[in-house]
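1. structure for the following, please:
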Amino acid sequence: MRRVLIIMVALSAASGTSAQDHTVSDREPHAKLVVEVAPPQTAAQVRPLSDLEAFVDGIVPLQISRDDIAGAVVAIVEDGKVVVEKGYGYANMETRKPVSASDTLFRPGSISKLFTWTAVMQLVEQGKLNLDQDVNSYLDFTIPATFAQPITLRNIMTHTSGFEETAKDLFVDRAQHLEPLGSYLATHLPRRLFPPATTPAYSNFATALAGYIVQRVSGEDFNQYVTEHIFKPLGMAHSTFHQPLPRELEPLMSKGYKIASGPAKTFEIVQAWPAGSVSTSAEDMTHFMIAHLQDGEYRGAQILRPETARLMHSRQFGVLPEMNGMALGFYEETRNGRRIIGHGGDTQYFHSDLHLVPEIGLGFFVSYNSAGRAQANNRQELWRALLDRYWPYQPATVKTASTGKDAKSVSGNYLISRRSDDSVLRVLGLLSETSVAALPDGNLIVSSMKAPNGQPKKWHEVDALTYQELHGPDRIAFRRAEGKHLDLITDLPVFLFQRVSWYRSLTFFRLLLGFAVTMFVLTVIAWPVAAGIRRHYETELSLSTPDLRLRKAVRLVCILDLIVIGLWVYALSAGLSQISLLSRSFDMRLRVLEIVGLAAATATLIVLFNAYRAWRDPTRWRWAKMWETALALACLGFTWLIIALNLAGFSTRY
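-> The predicted structure follows:
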């Protein structure tokens with residue numbers, strides 16, 4: 001699930017807060033490129049929406065059949081009216097029940113956060129919440145003061161609370177295992193990686209914290225509060241945060257699938273429910289979008305004052321002024337010359353997007369009930385195709401080329417800010433690493449940013465440390481802060497990427513692991529092979545009894561290290577494929593894994609002692625001594641690896 005944003009406290013003072021107020025930038029002077037900007041897009045250049053339904057009909061059914069997806073819903077509103085509201089495919093593949101846009105329920109994942117933020121803003125209007133007050137004043141437990149600045153609701157809503165990523169008990173396997181919200185939050189408090197209002201790092205925990213604050217301040221159960229103050233006024237009769245579903249809504253719920261040709265999955269239970277547990281229909285989402293596009297009003301029901309709605313949609317934080325930033329709960333997605341705000345959402349099986357273009361009164365919601373087999377992002381493909389057809393990108397003409405000096409200076413490996421540094425989840429943060437490389441022509445490629453054809457996009461410098469996609473509208477930028485510290489900022493403002501040293505890069509970890517595994521495997525294989533050869537030629541090892549025992553112990557250490565690697569690969573793969581496994585029920589197995597890892601690290605002493613003995617023995621063959629030394633280095637590297645990745649210890653916090 002993605003994280004969300006929060007709200008500003010004093011409505012009168014909020015208009016004076018900008019992204020620049022929270023940004024540290026030390027960008028160097030640079031000879032700007034000469035750019036010829038295309039003329040502003042006029043009304044004549046915009047296609048009428050009369051064929052919009054036919055356009056969507058031409059894409060979504062193709063995606064469903066091409067990518068093994070069971071079903072989808074699409075809802076589009078304009079100027080307070082529904083222009084497209086359609087279901088495609090099946091809600092249940094076994095019974096062939098078709099998707100209905102009016103009453104089939106989908107799980108929009110983190111789009112649920114927008115309801116939580118709307119609830120927060122309602123309480124801000126009433127003077128019950130202050131966006132710039134220490135959130136500890138609203139809680140019955142305390143967030144430790146890791147940094148001088150306290151965490152505020154504004155920080156939470158702009159994803160700048162600074163919490164590290166967590167996964168334990170985010171989903172649970174059955175509703176009976178749900179904890180009360182306050183109890184869950186108090187016992188799963190993440191560490192803080194960054195000072196507030198400095199570094200975006202998406203947080204489900206922080207959003208759930210805001211939901212708990214709504215519950216405590218309003219005096220109403222969070223689920224009931226949203227039902228009474230948002231769903232009912234907007235006529236959203238097919239929407240709920242409740243898990244399991246109310247009995248009357250159960251028959252309307254779409255099944256979720258990894259692929260449509262596979263088995264249906266069970267209803268997902270989200271422990272951090274204010275961050276992602278909503279079940280809703282496409283029709284209900286049109287009511288919510290229209291309310292936000294019409295200053296908080298839908299058919300006479302006013303869920304937010306006009307000034308509050310406009311504030312909620314206004315930019316509140318940005319790392320760099322020229323890049324997308326955060327509003328209050330919504331994030332900016334500006335594209336094709338239009339300012340867009342929205343939010344995406346994912347459960348394991350449902351994948352959704354919501355986009356609003358306030359300037360033209362346009363709202364777009366799409367949700368798929370299957371991940372499918374697509375390499376591309378289906379929801380992004382649909383939305384961008386729609387924008388490019390009706391509000392096409394007008395490219396600027398670049399007349400001069402970049403010198404490439406900056407491209408070389410920003411090359412390197414970057415880790416995502418949405419990560420954990422102090423738990424077993426550090427390995428997942430490492431796997432999210434992206435690399436930036438300079439091309440001979442001065443352009444850049446970024447490993448994680450690819451075009452729909454699967455090829456890396458090329459980025460051309462258009463300003464100091466600012467790059468634009470060749471033949472496209474996307475932008476990336478780099479920020480220098482704290483001396484040589486360098487950040488990569490993308491169009492998605494809920495996190496950034498931080499450049500890391502070579503010894504903290506995924507490439508180094510892979511090389512180290514590869515070397516260690518190769519040495520372990522060859523040593524283990526050579527053990528019986530060498531014994532067979534000696535038996536064939538009727539020879540024996542000319543080693544003393546202690547050295548023979550030591551040699552055997554070293555081989556057993558190699559086997560132990562390989563077992564540790566296999567167990568962790570299996571555990572992490574299982575957790576990623578079924579996130580509800582990452583719960584308290586996994587604690588005992590995690591302890592065993594960590595203890596075995598600690599034992600493997602300690603056993604490295606045996607391998608080091610064996611290498612020492614080998615070099616002390618003048619009768620040993622030189623190549624044997626070198627092998628034992630290489631094996632000792634492999635064990636040392638492996639030990640450093642499992643300690644650096646927090647895979648050895650006694651902690652069950654992650």
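2. rest of the way, CA atoms for contacts and neighbours
-> Will do.
3. dump the residue contacts of residue 81.
-> residue 290 (Cα atoms under 8 Å, 6 or more residues apart in numbering).
4. state which strand of this protein is the longest.
-> strand 81-92 (DSSP state E).
5. quick one: buried residues of that strand?
-> 82-92 (16 or more other Cα atoms under 10 Å).
6. pipe the residues you listed into JSON lines and attach pLDDT and distance to residue 314 per row.
-> As requested, the buried residues of strand 81-92 are exported to JSON lines (pLDDT from 0 to 100; distance: Cα to Cα, whole Å):
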{"residue": "82", "pLDDT": "97", "distance to residue 314": "24"}
{"residue": "83", "pLDDT": "96", "distance to residue 314": "26"}
{"residue": "84", "pLDDT": "97", "distance to residue 314": "27"}
{"residue": "85", "pLDDT": "97", "distance to residue 314": "28"}
{"residue": "86", "pLDDT": "97", "distance to residue 314": "30"}
{"residue": "87", "pLDDT": "98", "distance to residue 314": "32"}
{"residue": "88", "pLDDT": "98", "distance to residue 314": "34"}
{"residue": "89", "pLDDT": "98", "distance to residue 314": "37"}
{"residue": "90", "pLDDT": "98", "distance to residue 314": "38"}
{"residue": "91", "pLDDT": "98", "distance to residue 314": "37"}
{"residue": "92", "pLDDT": "98", "distance to residue 314": "40"}
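7. closest to residue 562 among those?
-> Set against residue 562, the nearest of the buried residues of strand 81-92 by Cα to Cα is residue 92 (43.0 Å).
8. partners of the longest strand of the chain in the sheet?
-> Strand 81-92 pairs in its sheet with strand 71-78 (antiparallel), strand 97-98 (antiparallel), by DSSP bridges.
9. surely residue 153 meets residue 209?
-> No - assessed by Cα atoms under 8 Å, residue 153 is found out of contact with residue 209, at 9.4 Å.
10. okay, the two: which has more neighbours?
-> residue 153 (30 against 25; other Cα atoms under 10 Å).
11. please parse this protein into its domains.
-> Following automatic domain parsing, one finds the domains of the chain at 11-23+53-390, 403-500, 506-644.
12. tell me the most buried of the ones you listed?
-> Ranked by mean neighbour count, the domains of the chain are led by domain 11-23+53-390 with a mean of 21 (mean count of other Cα atoms under 10 Å).
13. of all the strands paired with strand 81-92, which one is nearest residue 265?
-> strand 71-78 (14.1 Å).
14. in TSV: the buried residues of strand 81-92, plus distance to residue 241.
-> Converted to TSV, these look like this (distance: Cα to Cα, whole Å):
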residue	distance to residue 241
82	24
83	27
84	25
85	22
86	23
87	22
88	24
89	25
90	23
91	20
92	22
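15. which of the residues you listed sits closest to residue 245?
-> Nearest member of the buried residues of strand 81-92 to residue 245, counting by Cα to Cα, is residue 91, at 16.2 Å.
16. and the closest one, how far from residue 263?
-> 13 Å (Cα to Cα, to the nearest Å).
17. same deal with residue 595?
-> To residue 263, residue 595 is 36 Å away according to Cα to Cα.
18. residue 249 now?
-> 22 Å.
19. repeat that for residue 132.
-> Taking Cα to Cα, one finds residue 132 at 47 Å from residue 263.
20. tell me where the stretch 301-450 of the chain has strands.
-> Taking DSSP state E, counting those that start in this stretch to define them, one finds strands in the stretch 301-450 of the chain at 301-302, 331-332, 341-346, 351-357, 362-368, 397-398, 412-416, 434-438, 444-450.
21. export the ones you listed to JSON lines and tack on distance to residue 505 and mean pLDDT?
-> Putting the strands of the stretch 301-450 of the chain into JSON lines (distance: least, Cα to Cα, whole Å; pLDDT from 0 to 100) gives the following:
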{"stretch": "strand 301-302", "distance to residue 505": "51", "mean pLDDT": "97"}
{"stretch": "strand 331-332", "distance to residue 505": "29", "mean pLDDT": "98"}
{"stretch": "strand 341-346", "distance to residue 505": "28", "mean pLDDT": "97"}
{"stretch": "strand 351-357", "distance to residue 505": "30", "mean pLDDT": "98"}
{"stretch": "strand 362-368", "distance to residue 505": "35", "mean pLDDT": "98"}
{"stretch": "strand 397-398", "distance to residue 505": "34", "mean pLDDT": "56"}
{"stretch": "strand 412-416", "distance to residue 505": "6", "mean pLDDT": "95"}
{"stretch": "strand 434-438", "distance to residue 505": "9", "mean pLDDT": "95"}
{"stretch": "strand 444-450", "distance to residue 505": "14", "mean pLDDT": "94"}
